[in-house]
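K.L.:
Kindly return the folded structure for what I paste below:
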Amino acid sequence: MCQNAEPPLDEPVSRELPERITIPPIRGEMVHLRPAAVEDLPRMDELGAYCGASRITGKDGQAERAVVHAWVRRSVAWSEGRPSSELGVGDPEERRTIAWALLTDAGHDDDGVVDAGSTDNVIGMIFLIDIDGWSRSARIQVVLGKDYRGRGYSRDAMPRVMTFGFAPEPAGLGLHRIWVGVPEKNTRSISVYQSLGFVPSGTSRDALWDAENGKYQDLIVMDTLADEYDPIRSLDAFGMHVLEDNPGVKEALSMREHSVSIRKHSVVVDKAQADAGRPQEAAPEASPAPAPARRGVDADDAAAPEAVATADATGETGGAPAASAGYREPERIDAGPEASADADEESNWPYGASERKPSKNAWWRILGRGRKRNTEGM
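P.N.:
Sure thing, here's the model as predicted:
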């Protein structure tokens, strides 16, 4: 029988997931999350959570409903320390899942009525699926009621769930990678994932059937890694704030502070070494500085503004999907004088602090103004 190699000294002794997990509640500004229960499943039908599934996830409504039922039952079984299948054999590749119910206790649409009162404030669910302890990887997905899409709820919940997922054990799951799969036509969700730090990593060609247009479409795979994800910037991108009592946040802030300290020390050392070796003679005449590129456009692409994704008159995002060669994020709004000069050095997240914006000017709110909500996107 083959013997497993000894793990490196800096690796955990085991990569096996625990037999039982405590699913923590998570608090947001617009929603709060609690472990999903089997009793929540009929509420998802009431919410019309599976309407338009083919446009959002590429599945038909019946298949979407079936997998949501399976995910919730697997999550409940894991939290109770039971195997997700108790029929004797089960699926050897079946991986663990965590399901939270998304609840809101306020009226966020200015109609004077508390949202989702008929479903005990449940407006949808959020999942970490296919949790793989060996590769420290999981997939994230949000399923919202049809009347609660495009209103910012998933933007509040997703960064907080990802922070828990990436946080080291025992505060979090200690994941290395979180990924998503999104149909190529769902450009709105692609834009949201980009603002969370996800980057396109591959394309599954003709993986989905587009029933509306009677043709196949690609599935865009996007992911982000633990050393790339910044929970502060990901919330800031949507005008949200860090809530330090949430699971994994203190560990994330501590790791961020440590990395910032290392980077600042490195900058000081490099500057001291450069000053020590700098010759005393007069420096040569400086050549004129090139004109700065527009914000959101690489310097090499500054002459090609047509490559920048924009919003059309209806408020929908334009341009090609994220996996296309010419895709660019919508042009960002300056944060103003409050952005510090060296803040860009304090994060590995793809967007710099100089591209942050006040909550009222968040780009997703600007795109949503004057547009009738539909069932596409998140």
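
K.L.:
ranges for the helices of the stretch 101-250 of the chain?
P.N.:
With DSSP state H, counting those that start in this stretch applied, the stretch 101-250 of the chain shows helices at 153-166, 187-195, 231-236, 249-276, listed in chain order.

K.L.:
what mean pLDDT would you report for the longest one?
P.N.:
To tie it back to what came earlier, the one meant is helix 249-276. When pLDDT is averaged over helix 249-276, the result is 75.

K.L.:
Equivalent analysis for the third one, please.
P.N.:
Mean pLDDT, taken over the full extent of helix 231-236, equals 86.

K.L.:
in the stretch 251-378 of the chain, which segments are predicted with low confidence?
P.N.:
Along the stretch 251-378 of the chain, the parts satisfying pLDDT under 70 run over 256, 258-263, 278-378.

K.L.:
can you rerun that using 50?
P.N.:
Applying pLDDT under 50 to the stretch 251-378 of the chain flags the ranges 283, 286-287, 289-375.

K.L.:
Columns mean neighbour count and distance to Pro83 on top of the helices of the stretch 101-250 of the chain, output as a markdown table?
P.N.:
For every residue, glycine as well, the C-beta is placed using N, CA and C. Converted to a markdown table, those look like this (neighbours: other C-beta atoms under 10 Å; distance: least, C-beta to C-beta, whole Å):
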| stretch | mean neighbour count | distance to Pro83 |
| --- | --- | --- |
| helix 153-166 | 26 | 23 |
| helix 187-195 | 24 | 32 |
| helix 231-236 | 23 | 33 |
| helix 249-276 | 13 | 30 |
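
K.L.:
Out of the ones you listed, which gets nearest to Pro25?
P.N.:
helix 153-166 (10.6 Å; C-beta to C-beta).

K.L.:
Can I get the closest one in PDB, CA atoms only?
P.N.:
Extracted in PDB, the C-alpha atoms of helix 153-166 (Å, rounded to 0.1, in the frame of the first residue of the first chain):
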ATOM      1  CA  TYR A 153     -27.800  42.800  -1.000                       C
ATOM      2  CA  SER A 154     -25.300  40.400  -2.500                       C
ATOM      3  CA  ARG A 155     -22.700  43.200  -2.500                       C
ATOM      4  CA  ASP A 156     -23.100  43.500   1.200                       C
ATOM      5  CA  ALA A 157     -23.000  39.700   1.900                       C
ATOM      6  CA  MET A 158     -20.400  38.300  -0.400                       C
ATOM      7  CA  PRO A 159     -17.300  40.100   0.900                       C
ATOM      8  CA  ARG A 160     -18.200  39.100   4.500                       C
ATOM      9  CA  VAL A 161     -18.600  35.500   3.600                       C
ATOM     10  CA  MET A 162     -15.400  35.500   1.600                       C
ATOM     11  CA  THR A 163     -13.600  37.000   4.600                       C
ATOM     12  CA  PHE A 164     -14.800  34.100   6.700                       C
ATOM     13  CA  GLY A 165     -13.800  31.700   4.000                       C
ATOM     14  CA  PHE A 166     -10.200  33.000   3.700                       C
END
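
K.L.:
In JSON lines, list the helices of the stretch 101-250 of the chain along with distance to Leu243.
P.N.:
Converted to JSON lines, these look like this (distance: least, C-beta to C-beta, whole Å):
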{"stretch": "helix 153-166", "distance to Leu243": "7"}
{"stretch": "helix 187-195", "distance to Leu243": "19"}
{"stretch": "helix 231-236", "distance to Leu243": "9"}
{"stretch": "helix 249-276", "distance to Leu243": "7"}
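
K.L.:
Any idea which of these gets closest to Gly124?
P.N.:
Using C-beta to C-beta, the nearest of those to Gly124 is helix 153-166, at 7.1 Å.

K.L.:
quick one: that closest one to helix 187-195, angle?
P.N.:
40 degrees (axes from the mean of the first three to the mean of the last three C-alpha atoms, to 10 degrees).
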